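J.: Sharing a model that was predicted from the sequence below.
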Amino acid sequence: MNAPRPHSRRIFLRRAGLSTLAVSGGASFLTACASGGSDDEDDVSGGGEEQTAENPFGVDAADPLHVVIFNGGYGDQYAKFHEGIYQEQFPDAQIEHEAITDIRQQMQPLFNAGNPPDVLDNAGAEQMPISTLADTGQLTDLTDLWAADALGFEGMTVEETLHPIAIEAAEYADRPYVMNYALQVYGIWYDRALFDERGWEPAQTWSEFMDLCETIKSAGIAPMAHQGKYPYYIQQVVLDLAVKHGGPEVAYAIDSLEPDAWQNDSIRMAAEALLEVKNGGYMLEGTEGLDHIQSQTRWNEHKAAFIPSGSWLENEQAQVAPPSFETTVAPTPLLEGAVLPFDCTRLEAAESFIVPAQAANQVGGLEYLRIMLSRDGAREFTELTSAPTVVNGAAEGVEASPGLASSLALIESGGENNWNYYFRIWYSPMAPKIETAVGELAAGRISADEFCDRCQEAADETAADPATQKRTRP
Amino acid sequence: MQYGKYRFIVGFLIVPLALYGTFVISPFVQTIYYSFTDWTGVSPEFEYVGFANYEFLLEDDLFREAFFNNIVLLVGLPVFTVLLALLFAFLLNVGGTGAGVRGIAGNGFYKLAFFMPQVLSVPVIAVIWTVIFSPESEGLANSFLGWLGLGPYDWLASPSMALYCVLWVLVWGSVGFYLVLFNAAMSSVPRDIFEAAFIDGAGRLSTFVRVTMPLLWDTIQTSWVYLAILALDAYALVFVMTIGPGGPDNSTQVMALRIAQEGFQNGKAGYASAMGVVLFLVTLVIAALLLRATRRERIEY
Amino acid sequence: MATKTRATRGDISVSAASHIVLIIWSFVVIVPFVWTLVASTKTTREIFGDPWSLPADPQWNNYESAWDKNVGEYLLNSVVVVSGGVVLTMLFGSMVAYVLARYPFPGNRFIFYLFASGMMFPVFLALVPLFFVVKSFGMLSTFHGLILVYVAYSLPFTVFFMHAFFRTLPTSVAEAAVMDGASHTGVFFRVMLPMAKPGLLSIGIFNILGQWNQFVLPQFLSPDRPLLTQAVASLLSNQRYRADWGTVFAFLAIAMIPVILAYLAFYRQVQSGLTSGTLK
């Protein structure tokens, strides 16, 4: 009647082995149990078949595959396509496909019981804390996946086809554990059609941007809105301004929890800049209390000209935006003395796909991921969702909407200057504190100095906490 | 004397106790166990850490802020809900004009209408009120106050107002049920008692205080305790309605939200369990105090 | 004895003031409700763009898409679980409360506090262990599993509430029944329970509402056989990713119907049950 309370990994694995036995046959039982009490991170379950060119992980054709997809902004159509390819390759495999939104509610018990799915798309508001999963050995090492042949790309390994930020985002303790699938492009978004009509252009420097705001304001439109309820969005702008001004070292310092990382001048200048926008009356009235749908809807209605967001925006507002609306991304303007060029931005490798370490068919999971990263697989995703993937060049030939086209263009033009940060994933207790401070800043209730102090305080607390795993960059 | 008294007692208690023990007590006890470990919530591996979680809790500023916010709700929710519900119950039963003691006209309509909030579930209520409390000047609350020449206010976006908005919505969502409760209790008070009071020249207010309330005391006491527990456990509403959630600037942070955040987002299920145990103890103490403070002689009639 | 036969001026002004207060509250209570209904016929843009105006073109197809999202099935699931849950809760809750209230025995107080303290623990903390308990009985995503869990979690307040109620019932009637040869169970079912009707009705409504609106438990324990409120909560959180609020509100409107019906049914019962003077 009581829940099993495993006190050692050995006992636990034995139980996992037993359940695996029931599910996928003798071979996996032996593989799972073989190393008993030793560190068996290198032993992978499932498979046992010969490793060939077509089947680099030795997937057993009869083993079932359990795929769980987060049914959010990207839907799950793309997953059905990928499963179709897997099925063609392994016609005898039973594929269980689940598309849910409450990832944590449904997956947490499975992880605790030792029978998680083979592939999990860990995304959404109810996602599992991924850095915790990595730290507790719950994820399969993807090194073999990285080294395998890429499908649809002659002579290249999977790793070689991926955007550098995806490779960076995958790593914990210098090994890849997470396959982030979607490449999200951040920036400030506007309606190209509106701007063309009024003869406006997104500004490149900050002073030009202020002038533009004045022009927009006198036309009766609020220059900027933001998703007040989720300060995460406007936080992007602050960080983007800071990093473009001070270079990627600004982000490295923050992610590495270096002392005084948040007292950096670039960050202070960025905070001042945001205050300029707020105090100049350029923010949409009431935006601090609006959630993302409400504020984005106002933006679709031309009540505001710019809104910070990411490349999912077009898809998210698809039902709301009028047909003539051309969702387009603009990079944030450059502060005085910026070291990076205008045409770059933050790229996030998101939509984290993992193969849990306790999964019954780990090699099947790896093969499935390889299929997702194939040229056809990636292109299908972009076709269905209008969102870029982390696979370079896979979006070629896709008919691109304005949002997608401008996103792809920015990925291209930014090149190596595109940057990312990880503190949100690495130090999950710290992130909400930063966001709280950003919220206060965006509302004009604190000064730039206070903002830096508060962020620094949160960072210092995290650095001093013995329970938090510290990581460094680059 | 009746036979088989103990057999009767056991017979009546055994099934419910078994159910309760299996599905409620057992998981709770396990949670207490987890509070002494560093369980992450996502892994079957964890270690015993003694009182470390509790020590950390004493230093946790955020938890302390949450605690004080809960105290605000703890005071506000029972007071306003019970007062409003009592008031409406009284008006509906005794507020009418005319001969003797009558309910007010339109009784039936009011009773039906006031129950409406109970029909909606918490996430829905949260969404609706978030829209009403929109800080834009066209938001309903602001445009309404605009007619009166007040506002516009930031409501949920203002660190000083947000918690009170949450309190208001909690009250709004609770009055309906307690009105039905008090109404029922009042209806079972024989009319003669009220009439007698009137004859003796008692005004409405003193009738209310000296006659109605003592007769309803048990019901009021139970309601009070339950509302207090609701105030301490508030989670779903805060989660959906507030900025952050828990903001702006931690002004609507509450203990239950902290537990969910630490346990589910930060991978600190052991720590969250410790918070849960503390919350449980706090609730226990407060409930016991309330029951003791409001103890009165029961009136049989 | 003379009673007042005519309303005095004081009476009228008090009554007028009462009406004003009540009308204000009616407004406060009805507007959000009506808003939900109107929103169910709007497009997403209209709901958030012009929240306070009527739709340009009522989108009745929102109801169709809500139906396509299986709202009917979830409704049925909820009705089954809540019916079973409430009946059993009331039965077991009264049984326990009665025994604890009227029969002193060693351990009586302890058991009472055991139940009462159950009200004070935040449920979602116990979810993971609870999941394993339910799983070990093979009761995940089953009606009976959910019902039993619902009952277990509703017992604390029901016991707490009915305990107070049973304490106030006069002993005279019970004693008379015993003299007539009634057994313990007989006294309970034939005398005490009917006398406790007002309390039962109140706590009955409370349990119906509480169990109907519960979504955290089924989210964890019944992922494959969803209940209505958990579907609503899911839908709402899903809205962060795909804005289709018109359908959501249509879904909500449909979800409200059973509760309104239950209340209307009970409402009459409450009125007739309470004013029949059974307590005297």
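T.: It's in.

J.: In chain B, what residue spans correspond to strands?
T.: In chain B, no strands are found when defined by DSSP state E.

J.: Likewise for chain A?
T.: So, for chain A - with DSSP E - the strands run A:65-70, A:95-100, A:119-122, A:171-172, A:175-176, A:179-191, A:222-224, A:304-310, A:327-330, A:347-354.

J.: who's in contact with the fourth one?
T.: Contacts made with strand A:171-172 from outside it, assessed by C-beta atoms under 8 Å, 6 or more residues apart in numbering or on different chains, are listed as A:131, A:134, A:135, A:139, A:177, A:178, A:471. Yep, even glycine has a C-beta here, placed from its N, CA and C like the rest.

J.: One more: the first one?
T.: Contacting residues not belonging to strand A:65-70 are listed as A:76, A:79, A:83, A:86, A:93-101, A:103, A:106-107, A:117-124, A:127, A:351, A:359-361, A:364-365, A:368 [C-beta under 8 Å, 6+ apart].

J.: The second one now?
T.: Taking contacts as C-beta under 8 Å, 6+ apart, the residues outside strand A:95-100 that touch it are A:64-71, A:75-76, A:79-80, A:83, A:86-87, A:106, A:117, C:223.

J.: Give me the buried subset of these.
T.: A:64-71, A:75-76, A:79-80, A:83, A:86, A:106, A:117, C:223 (16 or more other C-beta atoms under 10 Å in any protein chain shown).

J.: The most centrally placed residue in chain C is in what secondary structure piece?
T.: By C-alpha atoms, centre = their mean, chain C has its centre lying nearest to residue C:209, at 1.6 Å. Per DSSP states H and E, residue C:209 falls inside helix C:197-213.

J.: Could you report the neighbour count for residue A:208?
T.: 14 (other C-beta atoms under 10 Å in any protein chain shown).

J.: ah, wrong one, I meant residue B:4
T.: Residue B:4: 12 surrounding residues under other C-beta under 10 Å.

J.: What of residue A:133?
T.: Counted with other C-beta under 10 Å, residue A:133 comes out at 26.

J.: now do residue C:67
T.: Residue C:67: 16 surrounding residues under other C-beta under 10 Å.

J.: just checking, it is part of a strand?
T.: No - looking at residue C:67 with DSSP: H, G, I helix; E, B strand; the rest coil, it is helix, so not inside a strand.

J.: what's the closest non-adjacent residue to it?
T.: Of all residues beyond its chain neighbours, the one nearest residue C:67 is residue C:254 (7.8 Å), with distances taken as C-beta to C-beta, 6 or more residues apart in numbering or on different chains.

J.: in a strand, that's where the one you found is, yeah?
T.: No - counting by three-state DSSP, residue C:254 falls outside a strand, being helix.

J.: Now do the helices for the stretch 51-200 of chain A: every range, in order, please.
T.: In the stretch 51-200 of chain A, the segments counted as helices under DSSP state H, counting those that start in this stretch are A:77-89, A:103-113, A:130-135, A:143-147, A:158-161, A:164-169, A:192-198.

J.: Now the residue in the stretch 201-301 of chain B positioned nearest to chain A: closest residue in space, sequence neighbours ignored.
T.: Taking C-beta to the nearest C-beta, chain A has its nearest neighbour within the stretch 201-301 of chain B at residue B:267, 3.2 Å off. Once flanking residues are discounted, residue B:267 sits nearest to residue A:132: 3.2 Å by C-beta to C-beta, 6+ apart.

J.: Might you report the residue contacts of that neighbour?
T.: Residues counted as contacts of residue A:132 (C-beta under 8 Å, 6+ apart) are B:40, B:41, B:42, B:43, B:266, B:267.

J.: Can you tell me which of those residues comes closest to chain C?
T.: residue B:41 (7.0 Å).

J.: What count of nearby residues applies to the closest residue to the closest one other than its chain neighbours?
T.: Closest residue in space to residue B:41, ignoring its immediate chain neighbours: residue B:269 at 3.2 Å, by C-beta to C-beta, 6+ apart. Residue B:269: 29 surrounding residues under other C-beta under 10 Å.

J.: wait, residue B:269 sits on residue B:263?
T.: Yes - Residue B:269 lies in contact with residue B:263 (C-beta atoms under 8 Å); the separation is 4.7 Å.

J.: where do the contact lists of the two overlap?
T.: Applying C-beta under 8 Å, 6+ apart, one finds that residue B:269 and residue B:263 are jointly contacted by residue B:41.

J.: which residues does residue B:185 contact?
T.: B:215, B:216, B:219, C:198, C:202.

J.: Residue A:108 too?
T.: By C-beta under 8 Å, 6+ apart, the neighbours of residue A:108 are A:128, B:41, B:42, C:128.

J.: Narrow those to those that are buried.
T.: The neighbour count (16+ other C-beta under 10 Å) marks A:128, B:41, B:42, C:128 as buried among the contacts of residue A:108.

J.: Closest one of those to residue C:45?
T.: Of all the buried ones among the contacts of residue A:108, residue C:45 sits closest to residue A:128, with 33.9 Å by C-beta to C-beta.

J.: quick one: the helices in chain C?
T.: Along chain C, counting by DSSP state H, helices occupy C:9-39, C:44-49, C:61-68, C:71-102, C:108-117, C:127-136, C:143-168, C:171-179, C:184-186, C:193-195, C:197-213, C:216-221, C:228-238, C:245-274.
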